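*Asks:* what follows is a protein structure lacking sequence information:
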């Protein structure tokens, strides 16, 4: 997931504590992590971009996954570990501590896709539709029209917003 990739910053960095700017030639790396994984994860894809003084729609193809795992991006504080222990048992803390960093993920933070919002048209006008999972079936909804569809259709839709539900 590109959002979580480490980003190198060559610009001066200002310390939150002392408010001083870093000396010239000193650089930093920036990373994002999740402190408290949400029950519902909403991912808004950047589908509109500015090009000079105008806005354009970005229709680039992306790969939408039915399941995503956020284990590598979650900071495990005491509250999160306590929550995991109620779900997976008291020994989960030991399993986490014994897991090799390069080894397979424990898949503690698994999310499953349950809705996809799409936009057709241009930046100046268009139409929003939805692909929604209800029970074991997927549905396509456009205004007052709703029809049965496949998971594959939902995964291949030109997604604008993805909705995932945490599994546990």
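*Replies:* Ah, there it is. Predicted model only: the values in this text are computed from it and were never measured.

*Asks:* just want the most central residue of this protein.
*Replies:* residue 43 (4.9 Å; C-alpha atoms, centre = their mean).

*Asks:* contact partners for that one?
*Replies:* 161-164 (C-beta atoms under 8 Å, 6 or more residues apart in numbering). The C-beta positions use only the backbone N, C-alpha and C, and glycine is treated the same way.

*Asks:* and the gap between it and residue 13?
*Replies:* 28 Å (C-beta to C-beta, to the nearest Å).

*Asks:* likewise residue 136?
*Replies:* For residue 136 relative to residue 13 (C-beta to C-beta), the value is 49 Å.

*Asks:* so what's residue 111 scoring on pLDDT?
*Replies:* For residue 111, the model assigns a pLDDT of 96.

*Asks:* ditto for residue 2
*Replies:* Confidence for residue 2, expressed as pLDDT, is 65.

*Asks:* same thing with the one 10 residues further on?
*Replies:* Predicted confidence (pLDDT) at residue 12: the value is 72.

*Asks:* quick one: secondary structure of it?
*Replies:* Classification of residue 12 by DSSP: H, G, I helix; E, B strand; the rest coil places it in coil.

*Asks:* so for it, what's the nearest residue that isn't a sequence neighbour?
*Replies:* Spatial nearest neighbour of residue 12, chain neighbours left out: residue 21 (4.6 Å); criterion: C-beta to C-beta, 6 or more residues apart in numbering.

*Asks:* tell me, how many residues neighbour the one you found?
*Replies:* 12 (other C-beta atoms under 10 Å).

*Asks:* show me the contacts for it.
*Replies:* For residue 21, the contact set (C-beta under 8 Å, 6+ apart) comprises 12-15.

*Asks:* ok, residue 116 next?
*Replies:* 64, 130-132, 154-155, 157, 159, 161-163 are the contacts of residue 116 under C-beta under 8 Å, 6+ apart.
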